[in-house]
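Asks: here is the input, now give the coordinates:
(chains A and B)
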2 protein chains.
Amino acid sequence: MAIPIVVLGCGTVGRALASEALSLGDEVRVLAVLDSSGGVVDPSGIPAGRLREILSFKEKGEGLGATGLAGEEAREAVHCLLSEERGVMVDATASEGTVGILLAALDQGWGVALANKRPLVGPWEDYRRLTTSGRLRYEATVGAGLPVISSLNSLLATGDEVYRIRGILSGTLGFLLHQVEVGVPFSQAVRAAMARGYTEPHPAEDLSGEDVARKALILARTLGLPLELRDVAVEPLCPPKLGELPVEEFLRELLPLDVKMQRRLEQAGRKGKVLRYLAEVSPEGARVGLVEVEWESPLSRARGPENLIVFETRRFREHPLVISGPGAGPASTAAGLLADIVRLGKEL
Amino acid sequence: MAIPIVVLGCGTVGRALASEALSLGDEVRVLAVLDSSGGVVDPSGIPAGRLREILSFKEKGEGLGATGLAGEEAREAVHCLLSEERGVMVDATASEGTVGILLAALDQGWGVALANKRPLVGPWEDYRRLTTSGRLRYEATVGAGLPVISSLNSLLATGDEVYRIRGILSGTLGFLLHQVEVGVPFSQAVRAAMARGYTEPHPAEDLSGEDVARKALILARTLGLPLELRDVAVEPLCPPKLGELPVEEFLRELLPLDVKMQRRLEQAGRKGKVLRYLAEVSPEGARVGLVEVEWESPLSRARGPENLIVFETRRFREHPLVISGPGAGPASTAAGLLADIVRLGKEL
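Replies: Numbering: from 1, shown residues only, chains lettered A, B, ... in the order given. Okay, here's the model as predicted:
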């Protein structure tokens, strides 16, 4: 039986999910796709041909309001759907403004699957309200399609005790540090990451560490720690004020960091260690920043853009549980969303 | 609400599971524990004190028939339970003879969780009958407590296409090869593995590769391939006929293999590769044996007794999904069982 889904957001992740839904055929039925301009809503399921049309329309940079319902109308149509159907609402936006509609969906007995981290990193009270029903899942928010959250939930549900989670959760920063490791100056490594499309439009966003901090907070909250984002200590990879400069100027200002970064790497090297940008979460709290890691640690193995997460628990103590692979990108993120959708579909 | 469970087998795994159940308190209720001699059955749940008593009784090497019901009686009492209750039957034996009672449990709407590989590697028809209800889970049969089967199922359920699974699925053989890698002669490495309790009582069982073949078959069947155990090509690490010798004699007969193994390792080394004992499964079939692995491959990273599984799929192609950690031992196996029990408990 097809799982009805409503997709908020039609950027690269939303589109990758819609494509997967198309190739899955009968298993998922897309009732609505929304973006900030409006959306297309069809209570009996958007036909495959129309969905393909929407996707190519979006590829060209158009807003859905121009081919479907305009903003307010689209949201109203979705609210109507919530009481008529029972399905899964997918948040594939990067918006802070979706908490309201997600709570409305949960109230109506819907499941919710998030790729969007924002709803989970607002006030603790929002987090609690969103997660209390047990029908909200968020595999794709940490490590994209890697089974990070499901594995953590399984450890917790079976009474294991988590001592520490350490993870390389930014493919972008992983790539950067690996480049520096093989001799590329830091500022040039940033340019290389930009050229490959690994960074946000303004790379200062990646270098700030804020996105890794959001992931660390999600892991910490999953452990039950009632932390706020401000409680996560963050070591940025460049002075925060540089983020206000236009990109080209910003890149020039990174030059003085080349020597600094090289020196830190050498310091680590002299101790037989390597430098990794880690999220560290334990019952004591969460922090994000550069850490010198032993060569023997699984964390030293991650090279380039992959993510790698190490769980140290009561049961996985001497040898930790390690999960690694591509932790970003629309296809992998869509895979994480689909895993949640399928699980939620079984419980509806 | 406590999940009622019946535990077949009270060896190291069954006991580890019962201990975990005790420490979980209200979440799992043990209705029965059986071994080959008999069992203890209590439809309202074996009280914690009595369960502890049973465990220490077994630690001393006694059979449950001597403290509870004798064999046939115990099995009859369990059959009665099946129609009265709805719970999860756990197969923690190493027996080939449990298929009948497992099918009876499934017929009555029970869930089944396996640490025992045997029921899954008999005739395909048995496998089909056991798995057709969707209420049989077997996380602990491959990689013990590592989320191998659940991750594979998630990939399949979300429409991913699995191109190849390669895994180091024997901690014992992983330890052996690592020892050889650091210069220990093969036959001495076998003695070292024995001394650490890593091997079966007769190490020929490990060296035969048969246990890895069973895991490879389980992965292949999970992919939907209707293979039999005889279809899995196995390269043993010692001539099969040596297995008939008593252990001491067997160990002496391994001496001529020292040079052979050293030579294979050197051959691999000259190509810049390392030697790993792998299970390889793809839509084309399954095989188990020594493989020369590139230094860059995640498979080269496994050292010592840990397991490491690499999934290459349509979505995880350029960078595969990798899961690693302790893939054996009673505690880790019990963790895998518990994960299944909790999941099944939600669906009962």
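Asks: looking at the stretch 101-250 of chain A, which residue is nearest chain B?
Replies: Closest approach between the stretch 101-250 of chain A and chain B, counting by C-beta to the nearest C-beta: residue A:158, at 3.9 Å. No exception for glycine: its C-beta is placed from N, CA and C like everyone else's.
Asks: centroid residue for chain A?
Replies: The residue lying closest to the centre of chain A (C-alpha atoms, centre = their mean) is residue A:141, at 3.1 Å.
Asks: what sits closest to it if chain neighbours are left out?
Replies: For residue A:141, ignoring the flanking residues on the chain, the nearest one in space by C-beta to C-beta, 6 or more residues apart in numbering or on different chains is residue A:117 at 4.7 Å.
Asks: for that neighbour, grab the count of nearby residues.
Replies: 18 (other C-beta atoms under 10 Å in any protein chain shown).
Asks: show the backbone phi and psi for it.
Replies: Dihedral angles of residue A:117 (phi, psi; degrees, to the nearest 10) stand at phi -80, psi -30.
Asks: these two touch, right, it and residue A:219?
Replies: No. In this structure residue A:117 lies outside contact range of residue A:219 using C-beta atoms under 8 Å: 11.2 Å.
Asks: the helices in the stretch 151-300 of chain A, which residues?
Replies: A:171-181, A:186-195, A:204-207, A:210-222, A:247-253, A:255-270 (DSSP state H, counting those that start in this stretch).
Asks: would you convert the ones you listed into JSON lines that also reports distance to residue B:201?
Replies: Shown next, in JSON lines, are the helices of the stretch 151-300 of chain A (distance: least, C-beta to C-beta, whole Å):
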{"stretch": "helix A:171-181", "distance to residue B:201": "45"}
{"stretch": "helix A:186-195", "distance to residue B:201": "54"}
{"stretch": "helix A:204-207", "distance to residue B:201": "55"}
{"stretch": "helix A:210-222", "distance to residue B:201": "42"}
{"stretch": "helix A:247-253", "distance to residue B:201": "64"}
{"stretch": "helix A:255-270", "distance to residue B:201": "46"}
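Asks: mind checking which of the ones you listed is nearest residue B:55?
Replies: helix A:210-222 (32.5 Å; C-beta to C-beta).
Asks: what's the angle between the closest one and helix A:171-181?
Replies: 120 degrees (axes from the mean of the first three to the mean of the last three C-alpha atoms, to 10 degrees).
Asks: figure out how far helix A:210-222 is from the centre of its chain.
Replies: 10 Å (C-alpha atoms, centre = their mean, to the nearest Å).
Asks: next to chain B in this structure, residues from the stretch 201-348 of chain A, please.
Replies: Residues of the stretch 201-348 of chain A lying near chain B by C-beta under 8 Å from any C-beta of the partner chain: A:298, A:301, A:305-306, A:315-316, A:318-326, A:331-332, A:335, A:338-339, A:341-342, A:346-347.
Asks: so which of the residues you listed are in helices?
Replies: Among those, DSSP state H puts A:331-332, A:335, A:338-339, A:341-342, A:346-347 in helices.
Asks: narrow these to just the buried residues.
Replies: Among these, the ones that count as buried by 16 or more other C-beta atoms under 10 Å in any protein chain shown are A:331-332, A:335, A:338-339, A:341-342.
Asks: mind listing what the closest residue to the residue of the stretch 101-250 of chain A closest to chain B other than its chain neighbours touches?
Replies: Once flanking residues are discounted, residue A:158 sits nearest to residue B:338: 3.9 Å by C-beta to C-beta, 6+ apart. Residue B:338 makes contact with A:158-159, B:17, B:20, B:24, B:28, according to C-beta atoms under 8 Å, 6 or more residues apart in numbering or on different chains.
Asks: the residues you listed in strands, which ones?
Replies: Those of the contacts of residue B:338 mapping onto strands are residue B:28, per DSSP state E.
Asks: now for the contacts of residue B:338, which pair is the farthest apart?
Replies: A:159 and B:17 (11.7 Å).
Asks: name the residue in those two with the higher neighbour count.
Replies: Between residue A:159 and residue B:17, counting by other C-beta under 10 Å, residue B:17 is the more crowded of the two (31 against 18).
Asks: quick one: the closest residue to the more buried one other than its chain neighbours from residue A:317, how far?
Replies: Closest residue in space to residue B:17, ignoring its immediate chain neighbours: residue B:334 at 4.3 Å, by C-beta to C-beta, 6+ apart. Per C-beta to C-beta, to the nearest Å, residue B:334 is found 14 Å from residue A:317.
Asks: who has more neighbours out of these two?
Replies: More crowded of residue B:334 and residue A:317, by other C-beta under 10 Å: residue B:334, with 29 against 12.
Asks: now do the contacts for that one.
Replies: Contacts of residue B:334 (C-beta under 8 Å, 6+ apart): B:13, B:16-17, B:19-20, B:115, B:140, B:145.
Asks: want to try JSON lines for those, with pLDDT as columns?
Replies: What follows is these, written out as JSON lines (pLDDT from 0 to 100):
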{"residue": "B:13", "pLDDT": "96"}
{"residue": "B:16", "pLDDT": "96"}
{"residue": "B:17", "pLDDT": "97"}
{"residue": "B:19", "pLDDT": "95"}
{"residue": "B:20", "pLDDT": "93"}
{"residue": "B:115", "pLDDT": "98"}
{"residue": "B:140", "pLDDT": "97"}
{"residue": "B:145", "pLDDT": "94"}
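Asks: next, format those residues as CSV and append distance to residue A:224.
Replies: Listed next are those as CSV, based on distance: C-beta to C-beta, whole Å:
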residue, distance to residue A:224
B:13, 29
B:16, 25
B:17, 25
B:19, 24
B:20, 20
B:115, 29
B:140, 26
B:145, 21
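Asks: so where do the strands sit in chain A?
Replies: A:3-8, A:28-35, A:38-41, A:69-70, A:88-91, A:111-114, A:136-137, A:162-168, A:233-234, A:273-282, A:285-294, A:306-313, A:321-326.
Asks: average pLDDT across the third one?
Replies: Right, the one you point to is strand A:38-41. Strand A:38-41 carries an average pLDDT of 97.
Asks: ok so, going back, which of the strands of chain A sits closest to residue B:57?
Replies: Closest approach to residue B:57 among those (C-beta to C-beta): strand A:306-313, 29.7 Å.
Asks: from chain B, how far out is the residue of chain A most remote from its centre?
Replies: Distance from the C-alpha centroid of chain A peaks at residue A:270, with 34.5 Å (C-alpha atoms, centre = their mean). Distance of residue A:270 to chain B, computed by C-beta to the nearest C-beta, to the nearest Å: 24 Å.
Asks: got the contact list for the nearest residue to residue A:204 once chain neighbours are set aside?
Replies: Distances taken as C-beta to C-beta, 6+ apart place residue A:243 nearest to residue A:204, at 3.5 Å, with adjacent residues excluded. When contacts are counted by C-beta under 8 Å, 6+ apart, residue A:243 touches A:202, A:204-205, A:207-208, A:250.
Asks: how about the residues of the stretch 51-200 of chain A by chain B?
Replies: Close to chain B, as judged by C-beta under 8 Å from any C-beta, the stretch 51-200 of chain A has residues A:145-147, A:150-151, A:154-155, A:157-160.
Asks: farthest pair within those?
Replies: Farthest apart among these by C-beta to C-beta are A:145 and A:159. That separation is 27.0 Å.
Asks: before we move on, back to that, so the residue nearest to the centre of chain A touches residue A:113, yeah?
Replies: No. Applying C-beta under 8 Å as the test, residue A:141 and residue A:113 come out as separate, 9.9 Å apart.
Asks: on that earlier part again, want to throw the ones in helices among the residues of the stretch 201-348 of chain A next to chain B into CSV with pLDDT?
Replies: Below are these laid out as CSV (pLDDT from 0 to 100):
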residue, pLDDT
A:331, 89
A:332, 90
A:335, 93
A:338, 96
A:339, 95
A:341, 97
A:342, 94
A:346, 89
A:347, 87
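Asks: report pLDDT for residue A:317.
Replies: We have a pLDDT of 88 for residue A:317.
Asks: could you pull up the residues touching the residue lying closest to it once chain neighbours are set aside?
Replies: Spatial nearest neighbour of residue A:317, chain neighbours left out: residue A:163 (7.4 Å); criterion: C-beta to C-beta, 6+ apart. The contact partners of residue A:163, taken as C-beta under 8 Å, 6+ apart, are A:282-283, A:312-314, A:317.
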